[in-house]
Each structure stands twice: as C-alpha cells, then as structure tokens.
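S.K.: model the following, please.
(one chain, ligands or ions: 2)
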Amino acid sequence: MANAMKLLFMPGDGIGPEVMTEVRRVTDWFARARGLDLEIDEGLIGGSSYEAHGTPLTEDTLAQAMEADAVLLGAVGGPKWDNLDFSLKPERSLLRLRKDMELFANLRPAVVFEALAEASTLKTDLVAELDILIVRELTGGVYFGCPRGIDDIGGGNRRGINTHVYTTPEIHRVSRVAFEIARQRSGRVCSVEKSNVMESGLLWREEVQALHDAEYTDIELSHMYADNCAMQLVRNPKQFDVIVTDNLFGDMLSDEAAMLTGSLGMLPSASLGAVDADGSRKALYEPVHGSAPDIAGKGLANPLASILSFAMLLRYSFELAVEADLVERAVANVLAKNLRTADILQPGTTQISTGEMGTALVYELEALAA
Ligand code: IPM
Ligand code: MG
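M.R.: Numbers count the residues shown, from 1 in each chain. Ligands and ions are numbered 1, 2, ... in the order given. Below you'll find the model as predicted:
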C-alpha cells in the first residue's frame with residue numbers, strides 16, 4: 001500500500017479502553033505479519049474527555065477525526081456523567097461526530113455465528129445462520145430536526161418539542177447505500193417507516209420507491225411499517241436481508257436485531273459518509289454495545305465486537321476484503337473452540353478474560369495465515 005492508513009482510535013469510557021487494547025493487538029499483528037502500514041493516533045471522547053478538558057469532544061479531536069482515513073471508537077458514557085447538562089453528556093460527542101463528519105449511513109449487521117445460535121433468546125432454528133443488515137439513517141430525522149427544545153407554556157406547564165423531518169436528498173443518499181450493498185448480497189431491500197401516520201414517513205416511502213424505479217430495478221424492494229417490522233423481526237427474522245430505515249426506527253430496530261443474535265457483545269457497526277471526488281469517504285466504526293460501566297476494568301468485557309468493527313474498517317474504508325475475512329474467520333474459529341467471554345458463556349464452554357480473548361484471536365490469525 002502506497003500511503004499509510006491514518007487511523008484515529010477513541011477508546012472512550014467504561015469497557016472502551018480495555019476492548020480497544022485487544023484491537024491494538026490485532027493491528028499489531030497485521031502490521032507485523034501482513035505488512036499493513038498503520039498510523040494510529042489516539043483521542044479522548046465522552047466522559048474521559050470531559051474529565052480532561054471539560055467537554056466530551058474538543059475541537060482538536062474533532063479535527064483529528066475529520067482528517068483520519070477512519071475512526072475506531074470504543075464506547076462512551078457512564079453513571080458518573082448522567083447528571084451533566086445535556087450539552088456536556090458523553091452521548092453528545094457521538095452525535096456531534098456523526099453530524100460534523102456527515103456520517104449519514106449507519107451499517108448494523110446482525111449475524112449469528114454458528115457456535116452462538118443457541119445463545120439467542122429465540123428458538124435456534126429461527127435464528128441459525130441469520131445474516132441481516134440494518135442501514136440506519138444517522139444524521140437526520142428526529143435526532144437533529146428543528147424546532148426542538150423544552151418551552152415554558154405558563155401555568156407551571158412545559159412543552160417538549162422534537163421535529164421528525166427528512167428531505168429527498170437525505171432519503172436518496174442513504175437508500176443508495178442500501179441498494180448498493182444489497183447488490184453484493186441477496187438483492188433484497190425492505191424500507192421501513194410509518195407512512196400510515198407520518199408525512200415524513202410517506203415521503204420516505206415515495207422517495208425510496210422513486211430512486212429504486214429510476215436506478216435500482218434489479219433490486220427487489222418492499223416496504224413495511226416500523227411496528228410490523230419490529231414484530232416480524234422476532235417472528236421470522238430470516239425473511240429480511242437489507243433493511244433501510246430512518247434514524248429513530250433504526251435505533252430501535254437495530255437493538256432488537258442485535259438481541260436476535262443473543263450476543264450484543266459481538267456486533268460491530270460502521271457509519272459512513274459520502275464518497276468524495278478522490279474515492280475516499282469519512283467513516284467511523286464502533287461496537288454496538290455500550291460502555292458497560294458495571295463490568296469495566298474486570299476483564300469481563302468481550303472485545304470481539306470492536307475487533308469485528310476493525311474488520312469492517314478494513315473492508316469499507318480500505319477495500320481489504322481478504323484481511324477483513326481473515327479477522328471474521330478468526331472470530332468464528334475462536335468461538336468454535338468454545339472459548340467465551342462472560343457475556344456469551346454457555347454450558348460446556350470455557351470462560352476466558354478480555355485479554356485471553358485477544359490472545360486466542362491472534363493465535364487463530366496466525367493459524368489462518370500459516
Ligand atoms: C446508538 C445509541 C445512540 C443513539 C445514543 C448513545 C446516543 O443508542 O448508537 O444506537 O441513540 O443513536
Ligand atoms: Mg441505540
């Protein structure tokens with residue numbers, strides 16, 4: 001590779017730093033064994049940034065993120081910062097990164113690893129071999145719409161307002177990502193909204209359909225109301241391949257889809273911006289799990305979601321599909337050996353620590369590359 005891959009790692013809070021330590025062992029391995037030229041910087045985010053600088057994200061760190069080829073984030077938040085003003089909460093840093101980097105397409109795969117099919121709360125045959133992808137719009141809708149706020153309406157009463165708003169270009173650009181990815185998969189997209197109740201949902205449905213009819217007639221497009229989708233995801237999840245939906249419904253449906261796999265600690269995500277003239281795009285990768293402050297620092301955390309997020313980084317930011325496959329196969333092999341962190345422990349399997357999982361993973365990488 002001609003240029004170094006410039007990465008910014010943001011470990012964040014709770015279990016973030018310890019899972020990122022294990023990602024570092026994977027990046028070290030790729031540098032050593034596969035000659036990847038990785039230039040990794042670290043930045044503070046969330047509560048850890050608040051402690052050091054009085055803000056969950058400094059302008060300097062934001063600038064670093066904007067300049068990086070890709071950002072890998074651990075997790076943000078914790079009870080220590082729950083009572084801070086809204087603008088200082090760790091979560092704001094994440095929303096600011098998404099918005100300022102214009103990461104409008106959030107890819108959340110829900111994949112059931114063969115060795116973990118029985119860990120799901122659903123019947124094994126319903127989820128075995130499940131492989132779906134939720135494409136969530138990430139920079140619009142009710143998360144960012146204006147007007148917003150809490151007003152005093154007199155007489156000791158208040159009014160809370162948020163605005164759910166979408167425009168044609170916002171709907172088209174995220175749908176385009178879903179259609180393009182579907183082409184690499186089964187060629188099916190289900191668009192999800194509440195067009196029976198919301199004007200913005202009706203626009204969503206019409207615009208996704210219009211883009212499809214103009215450019216993606218090879219894709220099989222269906223539409224579903226969000227409440228029905230929530231139900232269908234637990235009734236028969238394998239009917240779906242790619243789901244495209246707005247920011248709020250995507251937030252909820254992706255948590256639901258994550259739980260189908262029985263292991264939140266296993267799920268990666270990618271948040272992508274538009275492709276620039278030079279073919280590159282801003283991107284941030286993070287595990288779907290949160291900062292889990294209750295288990296932080298105890299060696300109980302599962303580093304595999306972060307390691308799989310690094311695999312997505314290789315795949316989507318650098319087109320290193322062979323390397324990404326290596327990581328994903330190493331994860332499957334570790335699980336097949338019945339090695340488990342606490343969150344995915346099952347009868348007959350062996351519990352190992354966060355660090356031991358990193359060791360086992362690197363061992364499998366070595367074996368696959370040999
Ligand atoms: C997520 C999270 C965030 C969201 C929070 C932490 C702001 O739930 O990434 O799904 O609501 O988008
Ligand atoms: Mg969420």
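
S.K.: and the closest residue in space to residue 130 that isn't next to it in sequence, what does it touch?
M.R.: Closest residue to residue 130 apart from its sequence neighbours, by C-beta to C-beta, 6 or more residues apart in numbering: residue 112 at 4.3 Å. Glycine gets a C-beta too; all of them are placed from N, C-alpha and C. Applying C-beta atoms under 8 Å, 6 or more residues apart in numbering to residue 112 gives the contacts 120, 127, 128, 129, 130, 131, 260, 261, 262.

S.K.: narrow those residues to those in strands?
M.R.: Among the contacts of residue 112, DSSP state E puts residue 131 in strands.

S.K.: so which of the contacts of residue 112 is the closest to residue 245?
M.R.: Using C-beta to C-beta, residue 260 comes nearest to residue 245 of those, at 16.0 Å.

S.K.: how far off centre is stretch 349-363?
M.R.: Distance, stretch centre to chain centre, for stretch 349-363: 23 Å (C-alpha atoms, centre = their mean, to the nearest Å).

S.K.: please list the residues of the stretch 51-200 of the chain that sit near ligand 1.
M.R.: Within the stretch 51-200 of the chain, the positions adjacent to ligand 1 are 91, 94, 95 by C-beta under 6 Å from any ligand atom.

S.K.: out of these, which is most surrounded?
M.R.: residue 94 (23 neighbours; other C-beta atoms under 10 Å).

S.K.: leaving out sequence neighbours, find the closest residue to that one.
M.R.: By the measure of C-beta to C-beta, 6+ apart, the closest residue to residue 94 outside its immediate chain neighbours is residue 76, 5.8 Å from it.

S.K.: which ones are touching that neighbour?
M.R.: 12, 13, 16, 45, 46, 47, 56, 90, 91, 93, 94, 291.

S.K.: quick check, the residue in this protein closest to ligand 1?
M.R.: At 4.1 Å from ligand 1, residue 91 is the closest residue in the chain, using C-beta to the nearest ligand atom.

S.K.: now the element after the helix or strand encompassing residue 201, going C-ward?
M.R.: Using DSSP states H and E, residue 201 falls within helix 199-215. Going down the chain from helix 199-215, the next helix or strand is strand 220-225, by DSSP H and E.

S.K.: and that following strand, which residues are buried?
M.R.: Residues 221, 223, 224, 225 are the ones in strand 220-225 that count as buried (16 or more other C-beta atoms under 10 Å).

S.K.: for the second one, what are its contacts?
M.R.: With contact set as C-beta under 8 Å, 6+ apart, residue 223 has these partners: 190, 191, 192, 193, 195, 205, 208, 209.

S.K.: recalculate using a threshold of 7 Å.
M.R.: Residue 223 makes contact with 191, 205, according to C-beta atoms under 7 Å, 6 or more residues apart in numbering.

S.K.: any idea how far it lies from residue 206?
M.R.: To residue 206, residue 223 is 10 Å away according to C-beta to C-beta, to the nearest Å.

S.K.: now swap in the third one and tell me
M.R.: Remark: distance between residue 224 and residue 206 (C-beta to C-beta) = 15 Å.
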